[in-house]
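*Asks:* here is a sequence with its predicted model. Questions after.
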Amino acid sequence: MKFTFENFSREVDNMDVAVVKRYESCLEDFYKRVAGIDMKKKASGIYGDICAAGEAMMDGFFGEGAAREMFGESQSVRKVMEAVCGLNGYMNDVSGVVDGMRRLGA
């Protein structure tokens, strides 16, 4: 299956244990980085930190340079969060497993 975000597309097996573990690790790092943001900064600083966390997540999961492919020069929190949430939805889509179990009569 392919994960697609705007013009970015990669083959990702969201049912492969190693892939899911890598995703979970990247998502946990993203959460930690966002939780550590100094909320007393100016909004632009907070937004920049969120973008940096999302970019690091995408590079960590898909490989170096993936964030640049996804976001280009954009520093849009909205765009980064859409990508993070889109990847989360893709990685948590277990419908293939459920369908297979139903075919087996489970």
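*Replies:* Sure thing, it's come through. Residues are numbered from 1 along each chain as shown.
*Asks:* who's in contact with the residue most central in space within the chain?
*Replies:* Among the residues of the chain, the one closest to the centroid is Val84, at 3.7 Å (Cα atoms, centre = their mean). Counting by Cβ atoms under 8 Å, 6 or more residues apart in numbering, Val84 makes contact with 30, 54, 57. (Each C-beta comes from the backbone N, C-alpha and C, glycine too.)
*Asks:* I'd like the next helix or strand past the helix or strand encompassing Val20.
*Replies:* Assigned by DSSP states H and E, Val20 belongs to helix 17-35. Next helix or strand after helix 17-35 toward the C-terminus (DSSP H and E): helix 43-62.
*Asks:* between that following helix and helix 17-35, how many degrees?
*Replies:* Relative orientation of helix 43-62 and helix 17-35, computed by axes from the mean of the first three to the mean of the last three Cα atoms, to 10 degrees: 170 degrees.
*Asks:* could I get the contacts of Val84 in CSV, plus columns for distance to Glu73 and pLDDT?
*Replies:* Below are the contacts of Val84 laid out as CSV (distance: Cβ to Cβ, whole Å; pLDDT from 0 to 100):
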residue, distance to Glu73, pLDDT
Phe30, 21, 98
Gly54, 14, 98
Met57, 18, 98
